[in-house]
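Colleague: Here is a sequence with its predicted model. Questions after.
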Amino acid sequence: MAETLTGARPLPWPQRVRRFIDVGWTFLVIYLTYKRLQKFPARDPEERARRLSNAHLANARRIYALATRMEGLLIKTCQFISSRADVAPPEYISVLSRLQDRVPARPFREVAEQVRRELGAHPDAIFAEFSRTPIASASLAQVHRARTKDGHDVAVKVQYPGIDRILETDLRNISILVRILARIEPNFDFRVIMDELNRQVPRELDFILEGRSAERVARNLSHRRDIRIPKVYWQYTARRVLTTEFIEATKISDIPALIAQGIDPNDVALIMTEAYCEQILVHGYFHADPHPGNLLVLPGPVVVFIDFGLSKELPEDFRLNYARLVVAMMRQDEREMVEAFRAIGFRTKSDDPETLIALGRSFFEAAGPEQKPYIDADVMPEVNERLARILNANPVTEIPGEILLIFRVLGLMSGLQKRLDSRVNMFETITPYAEEQARLLETRGAGEAAG
């Protein structure tokens, strides 16, 4: 892989090999820990549960230690796991959620030097005030509170020096592992996921692009008074420094704080759901990283979206056919479901439609008999087992890259719906958005046929 993905050189070969070995060894230990529990199970159910809980806690701590030491994609992976309260064990949530916005910070001297390189002067020369201690630190950058010389309170996001080289290294290493796995286990071919990572992760390093993404979503949702997106201050923004309006708000996952302010978490869940329905189905451009560190809440309630580094634009045909697919799944229309899956780019080994029908059904089955707005962990083993049998008989051979970030959003939202104890009726909420766009597709098709 001679051409770089991020525009940066990878780390020197010895460091690259060391990262590869560290990750491989850690996950081998975790794998063997669970295999041992399977091979030597305790007879007493309480003892079995205690051993499993201890294993979850020990392994979560192993992953946390590895991620904080190595940074890069591992932290982003931990953020994803810790956001899936619907499926991840509580021990993982408890340990890894600290990495949503509390990654060990870099020294201020590194931050100041990065600001000087990007904006041309020391932070103290640019801003009236600039906090030495970050208010948040995540996978790629840390955020410092500051005040402009004309009195505006701002949040200054500063990219970690050298993080581009770490990401370049991790993408190369993971690509190797994915290719090896695809050869050994053809049914676990994640190359399409890796291709999407290679496209999307480098975009997160460009803070100018992130600022433009924030402004685009803000324009699209400007009619909503229950959504707020911080203003970008372009005079203090460059490729590795992003300055936005500072908004004091409550983290969406801090349920006691929301309740103490008189905010109903279910109202928050509904606003979040509607916002994503509109972004994905109507505008085809969406904030693709709704983990708890990136969504805040103001009284009202008003949901604040921050960190637009991971955003996605959907081609028009894909967006309309995805809306068609959503309508078909809501109606359980199997014929239309299969046609919509194929229209957006899903392909299976044979033409037997049962695999695509099973995929469509699985979205409903995962919500359980009560049709919860999040994945029901009690029914997932059965759903996964049935789906695995069908996929083994007729595997999916092509998955459209556009769908992967939608799946990511759906997964993260499922975790948040569970934390918020959401009672949102997903059918009633999603259907109007999807039906309107599906009608547009029908109208366009009728016009083309008439022409």
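Modeller: Sure, I can see it. Numbering: from 1, shown residues only.
Colleague: okay, which residue is most central for the chain?
Modeller: Closest residue to the average C-alpha location of the chain: residue 289 at 3.8 Å, with Cα atoms, centre = their mean.
Colleague: List the contacts of that residue.
Modeller: 307, 309, 310, 408, 412 (Cβ atoms under 8 Å, 6 or more residues apart in numbering). The way it works is simple: take the backbone N, C-alpha and C, and place the C-beta from them, glycine included.
Colleague: 6 Å instead, please
Modeller: Applying Cβ atoms under 6 Å, 6 or more residues apart in numbering to residue 289 gives the contacts residue 310.
Colleague: Helix, strand, or coil at it?
Modeller: Secondary structure assignment for residue 289 (DSSP: H, G, I helix; E, B strand; the rest coil): coil.
Colleague: In the stretch 51-200 of the chain, what residue spans correspond to strands?
Modeller: 129-130, 136-137, 141-147, 153-159 (DSSP state E, counting those that start in this stretch).
Colleague: For this structure, which helix or strand comes out least confident on mean pLDDT?
Modeller: The weakest-scoring helix or strand in the chain, judged by mean pLDDT, DSSP states H and E, is helix 191-200 (a mean of 73).
Colleague: which other residues reach that helix?
Modeller: By Cβ under 6 Å, 6+ apart, helix 191-200 touches 5, 171, 175, 178, 182, 399, 401, 404.
Colleague: Among those, which one is most surrounded by other residues?
Modeller: The most crowded member of the contacts of helix 191-200 is residue 171, carrying 21 neighbours; neighbours defined as other Cβ atoms under 10 Å.
Colleague: excluding its backbone neighbours, what's nearest that residue?
Modeller: residue 5 (5.3 Å; Cβ to Cβ, 6 or more residues apart in numbering).
Colleague: pLDDT score for residue 86?
Modeller: Residue 86 is assigned 56 on the pLDDT scale.
Colleague: For residue 247, which three-state class applies?
Modeller: coil.
Colleague: Let me see the contact set for it.
Modeller: Contacts of residue 247 (Cβ under 6 Å, 6+ apart): 230, 304.
Colleague: what's the spacing between it and residue 283?
Modeller: 22 Å (Cβ to Cβ, to the nearest Å).
Colleague: Please look at residue 144 and residue 134 and confirm they touch.
Modeller: Yes - between residue 144 and residue 134 there is a contact at 5.3 Å, judged by Cβ atoms under 6 Å.
Colleague: What lies in contact with stretch 346-365?
Modeller: 329, 334, 337-338, 341, 383, 387, 390, 394-398.
Colleague: okay, now the residue lying closest to residue 52 once chain neighbours are set aside: neighbour count?
Modeller: In this structure, residue 52 finds its nearest non-sequential neighbour in residue 37, 6.3 Å apart by Cβ to Cβ, 6+ apart. When neighbours are defined as other Cβ under 10 Å, residue 37 has 15 of them.
Colleague: Any figure for the gap between residue 37 and residue 62?
Modeller: Where residue 62 is concerned, residue 37 sits at a distance of 15 Å (Cβ to Cβ).
Colleague: In terms of mean pLDDT, which of the strands of the stretch 51-200 of the chain ranks lowest?
Modeller: Of all the strands of the stretch 51-200 of the chain, the minimum mean pLDDT falls on strand 136-137 (a mean of 89).
Colleague: next one: it to chain centre, how far?
Modeller: 17 Å (Cα atoms, centre = their mean, to the nearest Å).
Colleague: quick revisit: tell me which helix or strand comes right after the least confident helix or strand of the chain.
Modeller: Per DSSP states H and E, the first helix or strand lying C-terminal to helix 191-200 is helix 207-220.
Colleague: other SSEs contacting that next one?
Modeller: Under the contact definition 3 or more Cβ pairs under 6 Å, 6 or more residues apart in numbering; DSSP states H and E, helix 207-220 sits against strand 241-245.
Colleague: 10 Å instead, please
Modeller: Other helices and strands packing on helix 207-220, by 3 or more Cβ pairs under 10 Å, 6 or more residues apart in numbering; DSSP states H and E, are strand 153-159, strand 227-228, strand 241-245, strand 285-287, strand 302-305, strand 311-313.
Colleague: Could you identify the most distant pair in the contacts of helix 191-200?
Modeller: 5 and 399 (20.5 Å; Cβ to Cβ).
Colleague: wait, doesn't the residue nearest to residue 52 sit right on residue 50?
Modeller: No - assessed by Cβ atoms under 10 Å, residue 37 is found out of contact with residue 50, at 11.1 Å.
Colleague: To be precise, which single item in the contacts of stretch 346-365 has the lowest pLDDT?
Modeller: Where pLDDT dips furthest among the contacts of stretch 346-365: residue 383, at 73.
Colleague: Show the contacting residues for that one.
Modeller: Residue 383 sits next to 358, 361, 362, 363, 364, 365, 366, 367, 368, 375, 376 when contact means Cβ atoms under 10 Å, 6 or more residues apart in numbering.
Colleague: The last one in helix, strand or coil?
Modeller: When the structure is split into helix, strand and coil by three-state DSSP, residue 376 lands in coil.
Colleague: Could you report the neighbour count for it?
Modeller: By other Cβ under 10 Å, neighbour count at residue 376 equals 19.
Colleague: follow-up on the earlier one: which of the contacts of residue 383 lies at the shortest distance from residue 122?
Modeller: Among those, and counting by Cβ to Cβ, the member closest to residue 122 is residue 375, at 48.3 Å.
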